Each structure stands twice: as structure tokens, then as C-alpha cells.
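Chemist: Curious how this folds, go ahead:
(2 chains)
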Amino acid sequence: MENILSLLIWIPILGAIVVAFLPRDNENLVRYTSAAVTGLQFVVAIVLWRKFDPLNGSMQFMERYEWIPSLNISYILGVDGLSLPMVLLTAMLFFIGVFVSWNIKKAVKGYFALYLLLNAGVVGVFLSLDFFLFYIFWEVMLLPMYFLIGMWGGPQREYAAIKFFLYTLFGSVLMLIGILGLYFTCGKTFDILLIMERAPEALDGVLWWGMSAAKVIWVLVFIGFAIKVPVFPFHTWLPLAHVEAPTAISVLLAGILLKLGVYGIIRVNYGIMPDQVYWFAGGLAFLGLVNVLWGGLCALAQTDLKKLVAYSSINHMGYSLLGMAAVVAAGEMNGGDLKAAQAGLSGAVFQMFNHGTISAMLFILVGVVYERAHHRDIDGFGGLASQMPIYTGITALAFFAGLGLPGFSGFVSEAMCFIGAFPVFKTIVILSTIGILLNAAYFLWAFQRVFFGKLNEKYKDMEEINSLELFTVIPLAIITLFFGLYPGPYLDLIKSTMDQIIEKIAFVATYAVM
Amino acid sequence: MTNFQSLEFFVPELILVITILAALITDLFLKKSKTDLIGWVLCIGLVIVGLSVLNLSSVPATTLFSDAIVIDPFSSFMKIVIIISTLLVIAASWANKELENYRKGEYFTIMGIMVLGLFLMTSSVDIIMLYVSIEVVSIMSFILAAYLKLDTRSNEAGLKYVIYGAFSSGVMLFGLSIVYGLTGSTSYFDIQESIFSMDSSANPALIMALLMIFAGFGYKISSVPFHFWTPDVYEGSPTTITAYLSVAPKAAGFAMIIRFFHQIFSDSIALAGTAIGSTDLPWPEIIGVLAVVTMTMGNLVAIQQNSIKRMLAYSSIAHAGYMMLALPVLSMEAIESIMIYLFVYVFMNLGAFFIVITVKNKTGGETFDDYQGLGWKMPVVGSLMTLFMLSLTGLPPTAGFVGKLYIFKTLVGAGSDFLWLVVAGGINSVISLYYYFHVVKVMFLGGERSDTLSYPPSLMFGLIVFTAIPSLLLGLYWNPLASWVKDSLVFYTQTM
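Modeler: Residues are numbered from 1 along each chain as shown, chains lettered A, B, ... in the order given. The predicted structure follows:
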């Protein structure tokens, strides 16, 4: 198990190649192979989790090979408390996603080959510790995503696919410039750990266009990640892509791909330019607030159930941003409140995970009803509760989890974000609690319109949720409930790494005051 | 070195001349249907030429024929690039149905002569030699562009090419003569020396001369505003020739520009060096603006095209722009990045054109409509076209990304004066994604599952795969290429 991290990346790549060479008429073989590949990856991820030492906040299971020595590019992988939960979530959702995609009829082989390639890209981003490798995986995700939305999506799929592609590429290009800036200022290396070590000193006093290079690079990289999150002005690709994508892809898009943005900001922006956090935190908190309110208001206005869930993602990621901004509480000028910083950052990271499970659940459930009714118009249903009691029960659970009801994991992480951010950003936190209200409003109102009232005659023969669909939702529901009641195991897993990040940010506070 | 001693180092060109003569003579004895054989003659000759170029690449850099041309690792690299692209294009010409009703003897022979001109372009260090080599290449290109004599568009292409070519080389010649008047010499090295010692009263003349010379260079690499011939010529020419024009003369053109500016106007650090700096004109900015305008124009107009061939023509203008981005820096690193870009560009661009040829052979058209659902009918061709489009856009893990990475790296490393060029280049990559993926869109997204899959004939198939392999692999592991380019970064220089 020396190269367990490589295994996680290469299993799906090899799987994709195998799937591409399977006979195209034997669709079930393709499905079972994909399930086996993602299942195997999930098992490896669990083994990794069991072997992981949560008390060690540094990188573990590091792998390092020379790749392109002339540019100092290496193949470096590693995992810490920030990336491990994300890897687990990725492996799990991709495994579940295979079953969500079970009913795909069109070009099954192509679908699953691209699906596995996407899997490799996502896991690769979480594990790579070399910027070049990181960037390759970051971009490798785009092509499969383009096809998965563009070929298997809804009526506006072509437009959604290219819009997604253009937006993300725009961000990536800016990120690439930022990365190259770091490469040159930090002694011509792409090694992220090395850059983390050197950057604060190396970037000190360097000017780009008469501005501090660190700030310029921060903004360039931030835009790249912000488009993925998506942060407010860059979010317009998301509702479209979510709505047009097939169910499984929406699940993955909301469940994991959005997390890449938050992960990237914490890993790259926070890890490499900790001194700039103080400069940007206010803006970040504000953007979080805008995300919360804007996402909530837009969700309230939707008539399409899937679009509602999509906007709820924007709303939920806002809490995460707010929690991330809270780390500045650790700075001396803000009172050196390490507890608040911890609550905020852990809350943000926990919120990523929780939104991953909850939004996955929501999208699967929307997919279930769409499969049967072939539309997702919230007002077009009514009274489904009497027709599909089990489905109603599970959807109720997912909606309650989504609106942050105590007892579900979403509540814990949102509360942590608020608690963490409160000491520094009082006004913003108070305003963003309105978001919770909106949150409850759009979920409950939608629930009421779909499930209560008189049964729509058209749907009196609607089938109950079947066992395959239940199989995909139940594990997510269990996780949501479990962490809602007992978040300890998750927080213990990430604690050491979070502490390390916060320590670093607290340490640079002394000379970050500007 | 004297003329006689030089012959020993001129072997590749001599073999090439013999090959051309052999091709001409063989052609006399062949029936029209058998003229493909001339291609073989040329191929074999070019392989031998390539081997002798490699053989000579270890020779210390020196000048030949009394400072008329040089032989150095840089020119060897460019010659190899030219040979590779010529071989690929010759092979594709065998399969190109547009040429079916024509004798191909002259066609191949003229390509051989063009290679000779390109070789001289990459290595000349004398303005007369420079002009002669450009003219050899241009005149051969005119004939090749108009080769389909029964096709009016091909005729139009040839005529337009002649007019633009004559005009810009005339302007260039005027510029060169002013340089001669100022310095009294035709050799790059003497010119450099006299420019260094010139006082500023000569500046207006020098600036004008340089601008005029750049018109000739810009025409060769199709930089804005000397690009107007490109779309029409590329569209009208036989597709194989379009492919050839978009890579080989461009490579030689860049080699020529690099050598000219590097050896006359730079002090080996940057274009902003002392010599050119003394002309009081912001050269780096001028070339930078030209580069940005070139790629932006190429990309924006490419979006509106309906014919894929014409779209690729505009895209090749954009690619010239990307390469030009590194010219304002003109450090060794910048030259390295242009060389890497050129090398990967040869494969990805030829690959895309080969697919255009394949599709045209099959459907007779080259518009987006002809590509509708291609990915479903010819899955391998569709997938490889996607690869080429990815590579041309510059997305990892393809070779095109490595090319762009090197260019961007050069600019970021050159300091914040050049950062705006990186931003412009990056945004242009995003723009180009739109039209490159328009091809992917019609190939895959619009189609339906088809029950009969078809594959291109084996020759074209082989060529497409052959160009696809480096387009992908060089994106994953390009260390051998990088070290080869590094070794080739040796110019012959004369110390004053």
C-alpha cells in the first residue's frame, strides 16, 4: 500500500480505458464494470481513511517522483485532514452516482468512460501537491464535464455545456498566470509545499503593475476558484449547468465539483499567502453574505425544482465562505481569538462536506420525480404525499437537512460558520441569518406545493421510489443524520490540519497589518 | 569560410538539390497516374537530408559562403521541423482527392524546391540571401496555392498570394536597401556593428527601414496587418498545401525573424537591449501590440466562419500571434518557448488539417454541416479531432498546453512589463475554445447513434494517428523535446 494515493487516481483512469474498449452493445457489462471500478476506489479510500493519522496535521502518504526536471515539475501526491474527507466524499458520490446513472440509455459506454475520467480528475485535484499536476487535473475535469452535460443533458444542454466550459476555462487561465507568478517568485518550482514555505518571504515587496504581487496573485487565483464555488458575480453558469445536466452529473457537480473551489481557496490562497488573508477576509465575508442572500432569494423565485436546488447550492456555499473569512479572528489585531477561527474554518470545511451529501440527496430526489413526470415544475405537482409516502418522507428529510434544521449535519456546520465569524464580522453575520430564513422559506414552500394539497390527477399512478433509488439516497441520509447528532468524528479528523492552517495565519498576523 | 570549404557543410542542401533534379527527371518518364512515385523520390531524399542535417548538428557553429549563411544547432532544429512537416504533407498528398486529376510530379518537385528555400531562410545571415530565400519560398507557394487549375478558388488564391507577396516583399526589399545604405554592408554582423556605432541622426531612416522589413516578415508569418492574404489563400489552396503553408513557412518565418532581431538588434538579453533601444522607439511594445492584435483578430474572425478550413486559417493567424507574444522578450528563454510552440504546433495543426482532408474526401465538403454527427459515424476520427481541438485551444494534458505554458512562462518570468501580454494571451485561449469546440459540438452533440461505423482509409488514418500521438504525449512528457530544444539554442555569433 505504498502508493495508495496513486491507486486512487489511476484506478478510474484505467477503468475509463477498459470501459472504452468494452463492446458497445453490452450495456450492462459497462455499468457493472463502472460500478466495480468506483467501488474499488471507494474501498481504497476507506482503507486510506482507516490508516490516516488524524493527530498529524501535515501531509501523509506522500509520493514524489521526478517528472519534467527541466521545469522542476514533479509528481507529488499527499493527503491531509483537509483533503481526506473530500476524497472520501468523492469516492462515495462517484460510487453512488453510477447507480443514479443506471437508467442512462444513450451511448452508455461513452458516458461511463467520461464519468470515470471525471472521477480521476477530481480525486487528482484533491491529492496533487504539485501545481502543474494540480492544474492538469483541474483542466482534465472540464472535457468530460462538457460532454456529460452536452450529450446527456436537457434541452438547453449545448449552451449550458459551453457556458460552463468557457467560464471555468477563463478562471483557470487567470489561475495559471497566478501559478506562474508563484513559480518565478518562489525559486522556479511547482512544488506546493515548497512554495508554501517560501512564498511569504519571496513575495514580500514584489510589485506587479505597481501593486503588491501577492495581492495580484491572490486575486488571480481566487477568481479561478471563485468561479468553481461559485462566488456571486461568477455564478451564472451554475444554475444552467445544474438544470441541464443529467441527474448523476448534477449530483457530482453540486456534491464535489463546487467543493474544489473552496478546497482550492483554503489550500492555495490560505496556505500560500496567509498574510493576504487579512486583506481579503472582509471581502470574502461580504461575498459570502451576497451568496447567502442572493442564492436564497433566487431559490425562492424558482418554479423549477432542480433550479431551486441549484440556487440553494449558491446559498449554502455562502455559509462556507463566511466561515472561511472567520479565520482572521486568529490575528492579534482581531483579538487573537483562536477558538473563533477554529470554529469558522472547521465549520467551512464541514459545511463543504455536508453540502456535498445534502445537495447530492436533493438532486437524486429531484431526479426521481423527473424520471416519472418528465418535468420539474414545482407548481405542476401537488398532493404527492398521499401517492408516494416513502418518497415524501425521504424528501422531507432531505429538505429539512437542507434548510439547516437542528439534528442534521447542515445545522452544525452553519452554526459553526456563524459562531466563528461573529466576533469579527458582526453585521455581516447578523444580516446573513436572514439567509436561514430564506432557506427555510424556499424549501418549505416548495415542499408544500409539491407534496401537500389535492393530488394532481395526472399523477395518481405515479410509482413509488424504487429500491435502486432508495439505495442511492439512504446512505447519504444516514451520514447527514449521524453527523447532525454527533459531528465529533469528522471534526477530529480535520482538527490537526485546521489548527496548522490557523496557526500559520495567526503567526503572519504580526506583519500582515497594513 | 570560403566557398569551397563551405561545400562540406552544405551537404544537406546539396542532397536536396540532387533530389529535386531526380524528381524532375523521373517525372518525364512517368504516366499521369504514376506520378505519386515522385513523392517517394522526394521522401527518400528528404530522409537522407534529415540524416545529414542531424549529422552536421554536432559541428561547431560557423558561417558558410563568406558569411552568407550559417550552420548552427538552431537552424538544424528548424530544418528538422521543416522536414517532418514536409514528409507528413507529402504522405497526405497521396491521399488527397482534390489532386486526383492532376499530375503530381511538379507538385512534389515544387515542394522540394520550397524546402530548399525554407532551409536557406532559417540559416541566412545576409540580407541578400535572406531576400532570395524568401522569394524562392514565396514563388513556390504561389504555384502550389494555384495548383488546382480547374478550380476558380484555387486560381484566386494563387493570384491573391502573388499580389500580396509581391507587394510585401517589395516593401521589405526597400527596407533592406535603406539598411544597406545606412551601414554599407549586407552581412548581419557588419550591420550590427555599424548600427551600434551610429549616432541618433540616423534613427528616422532606421526606424522606417525596420518597419518596412517587418512588413515582409509579418507577411510570412501572417501577422496583422499583413495577414489579409491568409484566409483566402488557405481556403482556396489544395488542403494539403493549406496545411503545409500553415506550418512550414511559418516555422521558417519565425526562425528568420528570431535570427534577424537576435543577431542585429539585440544584445542577447532582450529586444529592449541597447542597440534597438537607441532608436527611441518602443519596439517591445510595438511587437507586443501586433501580437495581441494578431491573435485577437484571428480568434474573433474565426468564430464567425462556416467553413472549417477557413476557420483553421484564422486560427493559424491566432497561433502566429501566440508565438509572437514571446518576441518582445527575445531572451534565450523566449526563443526556446517559440521553438517548443512551433514543434507542437506542427503536429496539432497538421493533424487537424488531415482530418479536414479525410472528411472532404468522404463528403466533399468542409463546412460545419459536413461534420454533423461525425463523432458518431467515425468515432475514432471524431475523438482525435477533439484531441486536436483541445490541443489547439491549449488545454492540458495536450501538447498545445505545453507550448502555451512555455510562452506564458517566458512572459511572466520577464517581469511585470510583459504581464499584460500574458493576460491577453490567456483571454484569447478562452475565446478560441468557443470556435474549436464548435467543431466538437457539431461532431458529437448534434448527432445520433449510427449503426455502421466507418474508418478512414489506412494511409490517412495512419497519418492522423501519427500526428495525434505527439499531440497528446508531448503534453504528458516533453522532457526529450525540452532538452533537444535547449541543445539547439546555440546561435552563431560574431564578437565585435
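
Chemist: residues in the stretch 1-150 of chain A within reach of chain B, list them.
Modeler: The stretch 1-150 of chain A comes close to chain B at residues A:67-71, A:106-107, A:135-136, A:139-140, A:142-143, A:146-147, A:150, as judged by C-beta under 8 Å from any C-beta of the partner chain. Every C-beta, even on glycine, is put in place using the N, C-alpha and C of the backbone.

Chemist: Give me the three-state assignment for B:T63.
Modeler: Under DSSP: H, G, I helix; E, B strand; the rest coil, B:T63 falls in the strand class.

Chemist: how deep is it tucked in, by neighbour count?
Modeler: 22 (other C-beta atoms under 10 Å in any protein chain shown).

Chemist: The one 10 residues further on now?
Modeler: Taking other C-beta under 10 Å as the criterion, the count of residues near B:P73 is 22.

Chemist: Give me the local confidence score for the residue of chain A positioned farthest from its centre.
Modeler: Outermost residue of chain A with respect to the C-alpha centroid, by C-alpha atoms, centre = their mean, is A:E457; its distance is 38.9 Å. In this prediction, A:E457 carries a pLDDT score of 79.

Chemist: Now it. Its backbone dihedrals?
Modeler: Its backbone dihedrals place A:E457 at phi -60, psi -30, with angles given as degrees, to the nearest 10.

Chemist: Let me know the distance separating it from B:T2.
Modeler: A:E457 sits 101 Å away from B:T2, going by C-beta to C-beta, to the nearest Å.

Chemist: Also B:A95?
Modeler: Applying C-beta to C-beta, the value for B:A95 to B:T2 is 46 Å.

Chemist: Where does the residue in the stretch 351-496 of chain B positioned nearest to chain A fall, secondary structure wise?
Modeler: Taking C-beta to the nearest C-beta as the measure, the stretch 351-496 of chain B has B:G426 as its residue closest to chain A, at 3.6 Å. In the assignment (DSSP states H and E), B:G426 maps to helix B:419-440.

Chemist: just curious, which of the residues of the stretch 1-150 of chain A next to chain B is nearest to B:S197?
Modeler: The nearest member of the residues of the stretch 1-150 of chain A next to chain B to B:S197, counting by C-beta to C-beta, is A:S70 at 38.8 Å.

Chemist: what about that closest one, neighbour count?
Modeler: Counted by other C-beta under 10 Å, the residues lying close to A:S70 total 13.

Chemist: After the longest helix along chain A, which helix or strand is next? Please name it.
Modeler: The helix of greatest length in chain A, counted in residues with DSSP state H as the criterion, is given as helix A:338-373. As assigned by DSSP H and E, the chain's next helix or strand after helix A:338-373 is helix A:384-387.

Chemist: What helix or strand is residue 150 located in?
Modeler: Just going to use chain A. Residue-wise, A:G150 maps onto helix A:142-152 under DSSP H and E.

Chemist: um, chain B though
Modeler: With DSSP H and E as criterion, B:L150 is part of no helix or strand.

Chemist: other SSEs contacting the helix or strand bottoming out on mean pLDDT in chain A?
Modeler: Within chain A, confidence by mean pLDDT, DSSP states H and E is lowest for strand A:207-208 among all helices and strands, at a mean of 80. In terms of contacts (3 or more C-beta pairs under 8 Å, 6 or more residues apart in numbering or on different chains; DSSP states H and E), strand A:207-208 is packed against helix A:213-228.

Chemist: Can you name every helix or strand that the helix it packs on contacts?
Modeler: For helix A:213-228, the packing partners by 3+ C-beta pairs under 8 Å, 6+ apart come out as helix A:157-185, strand A:207-208, helix A:258-264, helix A:277-301.

Chemist: State the next helix or strand along the chain beyond that helix.
Modeler: With elements assigned by DSSP H and E, the helix or strand that comes after helix A:213-228 is helix A:237-244.

Chemist: tell me the angle the helix holding A:G150 makes with helix A:157-185.
Modeler: Counting by axes from the mean of the first three to the mean of the last three C-alpha atoms, to 10 degrees, helix A:142-152 points 170 degrees away from the direction of helix A:157-185.

Chemist: per-residue confidence averaged over helix A:142-152?
Modeler: Helix A:142-152 comes out at a mean pLDDT of 91.

Chemist: what's the answer for stretch A:426-442, then?
Modeler: Model confidence over stretch A:426-442, given as mean pLDDT, is 89.

Chemist: mind checking how far it is from the chain centre?
Modeler: Between the centre of stretch A:426-442 and the centre of its chain there are 21 Å (C-alpha atoms, centre = their mean, to the nearest Å).

Chemist: Could you list the residues in contact with it?
Modeler: If you take C-beta atoms under 8 Å, 6 or more residues apart in numbering or on different chains as the criterion, stretch A:426-442 is touched by A:285-286, A:288-289, A:292-293, A:295-297, A:299-300, A:302, A:308, A:312, A:315, A:318-319, A:322, A:402-404, A:414, A:418, A:421-422.

Chemist: buried stuff in that stretch?
Modeler: Judged by neighbour count using 16 or more other C-beta atoms under 10 Å in any protein chain shown, the buried positions of stretch A:426-442 are A:428-429, A:432, A:435-436, A:438-440, A:442.

Chemist: what's the answer for stretch A:266-286, then?
Modeler: A:266-281, A:284-286.

Chemist: Walk me through the regions of the chain where pLDDT falls short of the threshold, as ranges.
Modeler: Chain wasn't specified; assuming chain A. Judged against pLDDT under 70, the low-scoring parts of chain A cover residues A:1, A:510-514.

Chemist: I was thinking of chain B, sorry if that wasn't clear
Modeler: Of all residues in chain B, those with pLDDT under 70 make up the ranges B:266-281, B:494-496.

Chemist: Please determine how far the nearest residue to B:M385 once chain neighbours are set aside is located from B:R449.
Modeler: Spatial nearest neighbour of B:M385, excluding adjacent residues (C-beta to C-beta, 6 or more residues apart in numbering or on different chains): B:I355 at 4.9 Å. With the distance defined as C-beta to C-beta, B:I355 ends up 21 Å from B:R449.

Chemist: Please consider this matter closed, and thank you.
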